[in-house]
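Student: Here is a sequence together with a model predicted from it:
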Amino acid sequence: MFFSDWGLIPYAEAWQRQTEWFDSLIQAKQNNDVYENHIVFCEHPHVYTLGRSGKENNMLLSEAQLEKIGATLYHIDRGGDITYHGPGQLVCYPILNLEEFGLGLKEYVHLLEEAVIRVCASYGIKTGRLAKATGVWLEGDTARARKICAIGVRSSHYVTMHGLALNVNTDLRYFSYIHPCGFIDKGVTSLRQELGGELPMSEVKQRLELELSRLLTRK
């Protein structure tokens, strides 16, 4: 596995790069050629992405209003509904051959959730899963349920792209312009919101890299 950090990168550029790696990995796998597994960390300028099963009315702004807040909207090829990416949010794109790691798609999504749950626990924040709602949640079974990490993936030939978005120092106001992941009765939070202060992004990246490595290599 190779970990890369693309820093702050426009969404379209990151989507193109990971698609190229995704397509190359599938082709190499089909041809029994040598390939590389990649895990990418990055942040994006303000952007909303709507997945294949997403509903247009979960975006609450017009194109003109999006322009006013400096954001863009992309219809993309992952699962899930609408979500937001922006500065202060840690986005992770694993481009992996799941068969190499002995994982099915459901197990893989569970693994991504587990990695984030462990990172949150390292900061003293108790998180977990919510039935029929992919991602990582605080107080998921209560009226105060709030999501700290969204997950949406694409898989073909057991090769993955897209991934997770963990709110670290995210400006949560941008979530008020959508129904995040299609939910109208649940909140959104961040590590900064829960801890009451800014966190070093480099530190959070290190912790997530460690947990992903441990889970994928079963160490």
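Tutor: Yes, it's here.

Student: Describe which strands the lengthiest strand in the chain pairs with in its sheet and in which direction.
Tutor: When the chain is scanned for its longest strand (criterion: DSSP state E), the result is strand 146-156. Strand pairing for strand 146-156, using DSSP bridges, gives strand 133-138 (antiparallel), strand 159-167 (antiparallel), strand 187-188 (parallel).

Student: What's the separation between E63 and V34?
Tutor: From E63 across to V34, the span is 45 Å (Cβ to Cβ, to the nearest Å). For every residue, glycine as well, the C-beta is placed using N, CA and C.

Student: In the chain, mark out all the strands, start to finish.
Tutor: In the chain, the segments counted as strands under DSSP E are 2-8, 38-43, 47-50, 72-75, 82-85, 89-95, 128-130, 133-138, 146-156, 159-167, 187-188.

Student: Start and end of stretch 27-45, how far apart?
Tutor: The first residue of stretch 27-45 is 31 Å away from its last residue (Cα to Cα, to the nearest Å).

Student: Give me the buried positions along it.
Tutor: Buried residues in stretch 27-45, defined by neighbour count with 16 or more other Cβ atoms under 10 Å: K29, Y35, N37, H38, I39, V40, F41, C42, E43, H44.

Student: on that earlier part again, out of the strands of the chain, nearest to V119?
Tutor: Nearest of the strands of the chain to V119, taken as Cβ to Cβ: strand 159-167 at 7.3 Å.

Student: The closest one vs strand 89-95, what angle?
Tutor: Interaxial angle, strand 159-167 versus strand 89-95 (axes from the mean of the first three to the mean of the last three Cα atoms, to 10 degrees): 170 degrees.

Student: just the angle between strand 159-167 and strand 38-43, please?
Tutor: Going by the same axes, to 10 degrees, strand 159-167 makes 30 degrees with strand 38-43.

Student: For strand 159-167, the averaged confidence score.
Tutor: Averaged across strand 159-167, pLDDT comes to 97.

Student: Can you tell me what sits against stretch 81-89?
Tutor: 8, 11, 43-51, 53-55, 58-59, 71, 91, 150, 152, 165-171, 174-175, 177-182, 190, 192, 201 (Cβ atoms under 8 Å, 6 or more residues apart in numbering).
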